[in-house]
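Q: need a structure here:
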Amino acid sequence: MANQVRYLNPKGSIIYKLLIVVLVVVLIFSIVYPTRLWEKEQANQTECRHNMTHILYAELVYLMEKDAYTDTVENAVNLIKQDTTGALLRQFANIDSVLSDQIIAYLKKQDTTAAAIIDTLHRFGYQRDLDTTAALILDSLRTYDKYKHVIDSMAIFALDYLYECPTIMEPYKVAWYDTAAYKEIFIRCPLDSLDSLNVANDFMMNTIGGLRISNHGHIDNGELSWE
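A: Next comes the predicted model:
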């Protein structure tokens, strides 16, 4: 009787249970995989645009020092990093609106004393209608060695990782024009239609993940295409 009870379950029940497990795994994968792809590309787009903004301000520092732009990003970066006085690094951090906001947000989150200083200076700037509040805050924080170290480290990090679009790992396209009347700088994301086509033809990324990619934008003489 005991042996009869042991074999009451149909032999196909194990296969049925395994099939359910496989279907659950496939369902989870079909949700998680596309979401991760889309989130990664969204993060890449944001990073790419930040990089182009960093390049713009590095170029502006170069322009102020050399009275000309450079189409080689390394030239602008090296000029700033090799300045032993630290003045150009400070200038870069102060005028780069994206970088300065990132630094201020980081210090405010990580340090209560820095947060108090930042809030006080924000109120001061607001009351006096100052347009240079971010630069004022960074310069005030720089009077403390520990904050100066954080500011400089974050500025150097931005300079070290602004060379390539994170989606395709290709360098940005930089061009400048200099006439007697004006100087212009143009910065473009290198992602093109061929890169988009490669993703469209990729079974995992496109068919399974539903991913689409396109150029992340450009900066024409200070004007951001995404704003």
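Q: for Asp139, which residues are in contact?
A: Residues near Asp139 by C-beta atoms under 8 Å, 6 or more residues apart in numbering: 90, 94. Glycine gets a C-beta too; all of them are placed from N, C-alpha and C.
Q: name the element it belongs to?
A: Using DSSP states H and E, Asp139 falls within helix 133-141.
Q: now the element after that helix, going C-ward?
A: helix 145-160.
Q: hmm, who's touching that following helix?
A: With C-beta under 8 Å, 6+ apart as the criterion, helix 145-160 contacts 50, 54, 58, 77, 80-81, 86, 89, 92-93, 96, 99, 102-103, 106-107, 111, 114, 138, 141-142.
Q: count the neighbours of Ala115 for me.
A: Ala115 has 14 neighbours, counted by other C-beta atoms under 10 Å.
Q: surely it and Lys108 touch.
A: Yes: assessed by C-beta atoms under 8 Å, Ala115 is found in contact with Lys108 at 4.5 Å.
Q: distance of the residue nearest the centre of the chain from Glu164?
A: Nearest to the geometric centre of the chain sits Glu47, at 1.8 Å (C-alpha atoms, centre = their mean). Glu47 sits 10 Å away from Glu164, going by C-beta to C-beta, to the nearest Å.
Q: over to Gln110?
A: For Gln110, the distance to Glu164 - C-beta to C-beta - is 28 Å.
Q: again, but for Tyr62
A: Using C-beta to C-beta, Tyr62 is found at 19 Å from Glu164.
Q: one more: Thr113?
A: 37 Å.
Q: now Asp192
A: In terms of C-beta to C-beta, Asp192 sits 14 Å off from Glu164.
Q: quick one on the thing from earlier: return the set of buried residues in the helix holding Asp139.
A: Neighbour counts over helix 133-141 (16 or more other C-beta atoms under 10 Å) mark 133-139, 141 as buried.
Q: by mean pLDDT, flag the weakest helix or strand of this structure.
A: Lowest on mean pLDDT, DSSP states H and E among the helices and strands of the chain sits helix 2-6, with a mean of 51.
Q: the longest helix in this protein is where?
A: helix 12-66 (DSSP state H).
Q: helix or strand right after that one?
A: Counting by DSSP H and E, the next helix or strand C-terminal to helix 12-66 is helix 73-81.
Q: which residues of this structure score low on pLDDT?
A: For the chain, the stretches flagged by pLDDT under 70 are 1-12, 130-132.
Q: 90 instead?
A: 1-34, 121-134, 136, 178-182, 204, 207-209, 227 (pLDDT under 90).
Q: quick one: distance of the longest helix of the chain to the chain centre.
A: The chain centroid and the centroid of helix 12-66 are separated by 13 Å, computed with C-alpha atoms, centre = their mean, to the nearest Å.
Q: what angle separates it from helix 145-160?
A: If you take axes from the mean of the first three to the mean of the last three C-alpha atoms, to 10 degrees, helix 12-66 sits at 100 degrees to helix 145-160.
Q: tell me what helix 12-66 is packed against?
A: Applying 3 or more C-beta pairs under 8 Å, 6 or more residues apart in numbering; DSSP states H and E, we find helix 12-66 packed against helix 73-81, helix 87-95, helix 97-110, helix 145-160, strand 164-165, strand 173-178, strand 183-188, strand 218-220.
Q: find the nearest non-adjacent residue to Pro190, please.
A: Counting by C-beta to C-beta, 6 or more residues apart in numbering, Glu170 is the residue found nearest to Pro190 once chain neighbours are left out, at 4.1 Å.
Q: who does that neighbour bridge with?
A: Counting by DSSP bridges, Glu170 forms beta bridges with Cys165.
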